[in-house]
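Chemist: I would like to see how this sequence folds:
(4 chains)
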Protein chains: 2
Amino acid sequence: MTIRDIAEMARVSKGTVSRVLNGKPGVGEETRGRVLKLIESLDFHPNAAARGLAARRSNTIGFVIPHTGRHSLAGSFWPVLLTEIAEQAAARGMTVLLSTSRSEQEAESAFKAVLRGRRIDGAIVGAEQAGERSLAELVMRDIPFVVVGRQSEAVPWWVDVDNAAGARMAVEHLVGLGHRAIVMVAGPGHLHHVQERVRGFQLAMKAAGLDGSRVVHCPYETEAVLPAVSAAVATGRGVTAVFAAAGDLVLGSILACRQAGRPVPQATSLVAFDDHPLFAQFPSGITAVSQPLEQMGREALDMLFHLIEGREPERREVVLAPRLVARGSSALASEQAG
Amino acid sequence: MTIRDIAEMARVSKGTVSRVLNGKPGVGEETRGRVLKLIESLDFHPNAAARGLAARRSNTIGFVIPHTGRHSLAGSFWPVLLTEIAEQAAARGMTVLLSTSRSEQEAESAFKAVLRGRRIDGAIVGAEQAGERSLAELVMRDIPFVVVGRQSEAVPWWVDVDNAAGARMAVEHLVGLGHRAIVMVAGPGHLHHVQERVRGFQLAMKAAGLDGSRVVHCPYETEAVLPAVSAAVATGRGVTAVFAAAGDLVLGSILACRQAGRPVPQATSLVAFDDHPLFAQFPSGITAVSQPLEQMGREALDMLFHLIEGREPERREVVLAPRLVARGSSALASEQAG
DNA sequence: TTGAAAGCGATACCAT
DNA sequence: ATGGTATCGCTTTCAA
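Modeler: Predicted coordinates for the structure are as follows:
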C-alpha cells in the first residue's frame, strides 16, 4: 500500500495525496475530504524512509545521555526526562532514537551510530555527554541540538534547573525550621551542577549568618557515601540537618545518620536535591527539591524544534526554578532529639 | 556527499561502492581497498533513509515498554535492559527507537507511532505491553517481535527469567539459614510473573515442610505496602523472614519491618526479588535474587535478529536462571533477636 | 486546484 | 569483477 494506490483509488495524482498527507494548501475541499477518508479507512501511513529521503527529514530526534548501565538510568532524572521527551515528541509526530551505553568507550560509538546517515533531525544531549568532541561532531554534521543540564560554557543552547536556587531553597527551608548547623553532602566537585549547588548552599548559609563550610564531596554510585557522611554528622558537633544534594546520595546519607546514632527524622532533618517516587514511600516522606522534569522536556523540545525548522529559538538558555516538596524528613530543630 | 561522489572519486560505479559498503562479494581486492580507504578518509556514511527505501530495511528496532512515567523506568529492570539492548544493537549496526509514555492511553499511540511507516525492522516488547491488540498490530504489519517477560500464553517468542525458580532460591536460602516462618510480599496477583513467584514460593515452602500461606499482595508503586506488610509481620507470630518479591516492594517491606518493631536484619531477614544498585548501598547490603539482564537482552536480540532475517530462531522460548546474591539482610535465624 | 515528472540516495539485477 | 539502470515511495517544482 503506497501513496500511489491511494491516488488511484481517489482518482487523483500522487502529488495531491502528498499535499493532503502533509496538510498543505492547494487542494480542493471536496478532494481533500475524499482522500482523507480513504487514508483513514485504509489506515494508511506513508513510508518513513521514502519520506525522509525526499524531504530530507527523518522526523526523528536523538536522545543522547551519559553511559547509563547502573548510573543514570538507575536514578530518576534521565528515565523520567526520557519519558517526557518521548511522549511530547510523539505528540508532535516525532519519534525518539536512543543513544545509551554502559561504558564510556561505548558511549562514543553509540553516539556516532545515531548521528550517522542523517538518521536524526536534531538531538537532546545530556550535559555529561556534551563534551567538546561530541558537540563538534553534531556541529560538523549540521545537526541541531539542545543540551540538558550545563557543563561547559561553550554550549549555545541549553536548559537547566537553577541548581543554586534549589540549594538555597533547601537551606532556607531548614533555617526556617530552626536549624543552624547543616552538613551538605555533594557529588564530585568537577561537575558543574555540583559546583552550583555548593555555591547556592554557601551563599544561603552566609546570608543566614551561618557556617557554610561543612561540605562533604562524595563520588556518586558508591558506598563511600556512608563513612564520609557519618563521620561528618558524628564529628560535626551540634549538626541537626543534612542537605543531600543529589538523589543518589540520599539513601547513603539517611543510613549514615542512623549509623551515627542520629536517625532521620528523629534526630536529624534531611532535605534531598532531586525527587524520587521512593521518597514518598518512606515512613513520613523525604523532603526534596524537585526538578521540573516535564517542563524541562518541553522547553528542550521547543528549542530543538525551533532549531530544526531554522527559526531562532526565543531564548538560547532556559533556567527553570525547582520546587521544594516538604515531607516528613525535615522537622523543627526544637522538636528533634538532642 | 553521496555514494555517487565516492564512486566518481574512486573511478568506479555506484554499484561497486555499494558492494563495498555492504561487504558483498564480487569486488576486486585492489578496488575494494581503494574504495574503502576513500570512504574512511572522508568519514562517509550512506544515507539511512535511502538505504532503508532501497533495501526495505531500517536497521532500527523498536523498544516498547509499559507506560513508564514513574513506574517502570523508576525501577531498575527496564532501564538496565534498555541499556543492554541499545548497546548490543549498536554493536550489530542497529539503532533503537523508543516507545514510552506516562499514561496507559498514550502508550497506545506512542506504540503505533513507532510502528508506522515501516520505521522498524522488529521490536522488543515488554510483557505488560504485549496485549492482544498490540501483538495483533505487530503481526498485521508483519513486524517480527520478541516479548520480554511473559504475560499471555499466546505469545510465540519470548524470553523471561525463571520466576518460580527465583522464588525457590530465595526460600531455600532462607530455610538454609534456619528460617521457618516466612512472609512473602508479592505484587498484584493478575500479573503472570507474580503468579509464578508465588507458585515458586509455595512449592519451595511445601518442599521444606513449611507453611506457604503467608502471602501478602500489594499493588506496586504505592504506600499500601507499608501497612499491609507491617500487619503481616506483626501479627504473624514467629515470623523471622520476609521475601519481598519485587524491587518496588523492598523499601516498603524494610520500613514495615522496622515499624513493626522487627528491623532488618537484626530481627528479620529479608530477601528481595530483583537487584538494584541501591541494594549494595544499604549498611550490610540486601540479599537479592538477581535477574540476568545482560543475558536477557542478548537472547532477546538474538531471537529478534533471527526473525528479522527470516531464519527460525533456535528456540522460541528462553527461560533464564536468576542468581542469588547473598548480602547482609539475610542472617541465621538463630542469631536474630527474638 | 490539479497533474506530470524530476529528483532524493541508496540497492540489486542484468549485462558485459 | 564491473557498469548501467530500474526501482524503492515519497516530496516538490513546474505547467496547465
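Chemist: from here on, just use CA atoms for contacts and neighbour counts.
Modeler: Fine.
Chemist: stretch A:315-335 vs chain B: in contact?
Modeler: No - Stretch A:315-335 does not reach chain B (CA under 8 Å from any CA of the partner chain); its nearest approach is 14.2 Å.
Chemist: and that stretch, end to end?
Modeler: 46 Å (CA to CA, to the nearest Å).
Chemist: do the same with stretch A:220-228
Modeler: Counting by CA to CA, you get 12 Å between the two ends of stretch A:220-228.
Chemist: cool, stretch A:113-130 as well?
Modeler: First residue to last in stretch A:113-130 (CA to CA) measures 16 Å.
Chemist: is any residue of that stretch near chain B?
Modeler: Yes - using CA under 8 Å from any CA, stretch A:113-130 comes into contact with chain B via A:113-114, A:116-119.
Chemist: stretch A:7-17 near DNA strand C anywhere?
Modeler: Yes - Stretch A:7-17 lies within reach of DNA strand C by CA under 7 Å from any atom of the strand, at A:11-16.
Chemist: closest to residue B:132 among the residues you listed?
Modeler: Distance ranking of the residues of stretch A:7-17 next to DNA strand C against residue B:132, using CA to CA, places residue A:14 first at 35.0 Å.
Chemist: neighbours of the closest one, how many?
Modeler: Using other CA atoms under 10 Å in any protein chain shown, residue A:14 is surrounded by 17 other residues.
Chemist: thinking again about what came up before, please dump the residues of stretch A:113-130 next to chain B into TSV; it should also carry pLDDT and secondary structure for every row.
Modeler: Formatted as TSV, the residues of stretch A:113-130 next to chain B follow (pLDDT from 0 to 100; DSSP: H, G, I helix; E, B strand; the rest coil):
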residue	pLDDT	secondary structure
A:113	90	helix
A:114	93	helix
A:116	93	helix
A:117	95	helix
A:118	96	helix
A:119	97	coil
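Chemist: list just the nearest of those to DNA strand C.
Modeler: Of all these, residue A:117 has the smallest distance to DNA strand C: 7.1 Å, by CA to the nearest atom of the strand.
Chemist: now the closest one. Nearest residue, chain neighbours left out?
Modeler: Counting by CA to CA, 6 or more residues apart in numbering or on different chains, residue B:47 is the residue found nearest to residue A:117 once chain neighbours are left out, at 4.2 Å.
Chemist: can you pull the contacts of the one you found?
Modeler: Applying CA atoms under 8 Å, 6 or more residues apart in numbering or on different chains, we find residue B:47 in contact with A:116-119, B:2.
Chemist: try it again at 10 Å.
Modeler: Shown in contact with residue B:47 (CA atoms under 10 Å, 6 or more residues apart in numbering or on different chains): A:52-53, A:56, A:116-119, B:1-3.
Chemist: can you show me the helices along the stretch 51-200 of chain A?
Modeler: Assigned by DSSP state H, counting those that start in this stretch, the helices in the stretch 51-200 of chain A fall at A:77-91, A:104-115, A:132-140, A:163-176, A:192-207.
Chemist: so what does the second one touch, helix or strand wise?
Modeler: Of the remaining helices and strands, those touching helix A:104-115 by 3 or more CA pairs under 10 Å, 6 or more residues apart in numbering or on different chains; DSSP states H and E are strand A:60-64, strand A:95-99, strand A:122-126, helix A:132-140, helix B:77-91, strand B:95-99.
Chemist: the same query, at a cut-off of 8 Å, please.
Modeler: strand A:60-64, strand A:95-99, helix B:77-91 (3 or more CA pairs under 8 Å, 6 or more residues apart in numbering or on different chains; DSSP states H and E).
Chemist: ok, it near DNA strand C or not?
Modeler: No - using CA under 7 Å from any atom of the strand, helix A:104-115 stays clear of DNA strand C, coming no nearer than 13.5 Å.
Chemist: give me the buried positions along that helix.
Modeler: For helix A:104-115, the neighbour count (16 or more other CA atoms under 10 Å in any protein chain shown) marks A:106-115 as buried.
Chemist: same thing with the shortest one?
Modeler: For helix A:132-140, burial by neighbour count (16+ other CA under 10 Å) applies to A:135, A:138.
Chemist: now do that helix and strand A:122-126, the angle between them.
Modeler: Angle, helix A:132-140 to strand A:122-126, by axes from the mean of the first three to the mean of the last three CA atoms, to 10 degrees: 170 degrees.
Chemist: how far is helix A:132-140 from where the chain is centred?
Modeler: Distance, stretch centre to chain centre, for helix A:132-140: 21 Å (CA atoms, centre = their mean, to the nearest Å).
Chemist: for residue A:107, what are its contacts?
Modeler: Taking CA under 8 Å, 6+ apart, one finds A:66-67, A:99-101 in contact with residue A:107.
Chemist: now these: which count as buried?
Modeler: A:66-67, A:99-101.
Chemist: for the residues you listed, which one is nearest DNA strand C?
Modeler: Relative to DNA strand C, the closest of the buried ones among the contacts of residue A:107 is residue A:99; by CA to the nearest atom of the strand it sits at 21.8 Å.
Chemist: how many neighbours does the closest residue to that closest one other than its chain neighbours have?
Modeler: Nearest in space to residue A:99, with sequence neighbours left out and distances taken as CA to CA, 6+ apart, is residue A:64 at 4.9 Å. Around residue A:64 there are 26 other residues, counting by other CA under 10 Å.
Chemist: quick check: residue A:64 touching residue A:128?
Modeler: No - look at residue A:64 against residue A:128 with CA atoms under 8 Å: they stay out of range, at 9.7 Å.
Chemist: quick one, helices of the stretch 201-338 of chain A?
Modeler: Assigned helices in the stretch 201-338 of chain A, in chain order: A:225-235, A:247-259, A:293-308 (criterion: DSSP H, counting those that start in this stretch).
Chemist: between those, which one is closest to residue A:191.
Modeler: Residue A:191 sits nearest to helix A:247-259 of all these, at 14.4 Å, using CA to CA.
Chemist: any idea of the mean pLDDT in that closest one?
Modeler: For helix A:247-259, the mean per-residue pLDDT is 88.
Chemist: tell me what that helix is packed against?
Modeler: Using 3+ CA pairs under 8 Å, 6+ apart, helix A:247-259 sits against strand A:182-186, helix A:225-235, strand A:241-244, strand A:269-273.
Chemist: got a markdown table for the ones you listed, with mean pLDDT, mean neighbour count and distance to DNA strand D too?
Modeler: Formatted as a markdown table, the helices and strands packed on helix A:247-259 follow (pLDDT from 0 to 100; neighbours: other CA atoms under 10 Å in any protein chain shown; distance: least, CA to the nearest atom of the strand, whole Å):
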| stretch | mean pLDDT | mean neighbour count | distance to DNA strand D |
| --- | --- | --- | --- |
| strand A:182-186 | 96 | 26 | 49 |
| helix A:225-235 | 85 | 20 | 54 |
| strand A:241-244 | 97 | 29 | 50 |
| strand A:269-273 | 97 | 30 | 45 |
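Chemist: can you lay out those as TSV showing distance to residue B:34?
Modeler: Below are the helices and strands packed on helix A:247-259 laid out as TSV (distance: least, CA to CA, whole Å):
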stretch	distance to residue B:34
strand A:182-186	54
helix A:225-235	55
strand A:241-244	58
strand A:269-273	56
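Chemist: out of these, the one nearest residue B:219 is which?
Modeler: Nearest to residue B:219 among these is strand A:269-273 (26.2 Å), distances taken as CA to CA.
Chemist: what is that closest one packed up against?
Modeler: When contacts are defined as 3+ CA pairs under 8 Å, 6+ apart, strand A:269-273 packs onto helix A:163-176, strand A:241-244, helix A:247-259, strand A:287-290.
Chemist: and the residue most central in space within chain A, how far is that from residue A:210?
Modeler: Centroid check for chain A by CA atoms, centre = their mean gives residue A:81 as the closest residue, at 4.7 Å. For residue A:81, the distance to residue A:210 (CA to CA) stands at 35 Å.
Chemist: and the closest residue to DNA strand D within the stretch 151-300 of chain A, what pLDDT?
Modeler: Residue nearest to DNA strand D within the stretch 151-300 of chain A (CA to the nearest atom of the strand): residue A:300, separated by 24.5 Å. We have a pLDDT of 97 for residue A:300.
Chemist: and for residue A:68?
Modeler: On pLDDT, residue A:68 comes in at 62.
Chemist: ok, stretch A:29-42 near chain B or not?
Modeler: No - for a cut-off given as CA under 8 Å from any CA, stretch A:29-42 has no contacts with chain B; the smallest distance is 12.9 Å.
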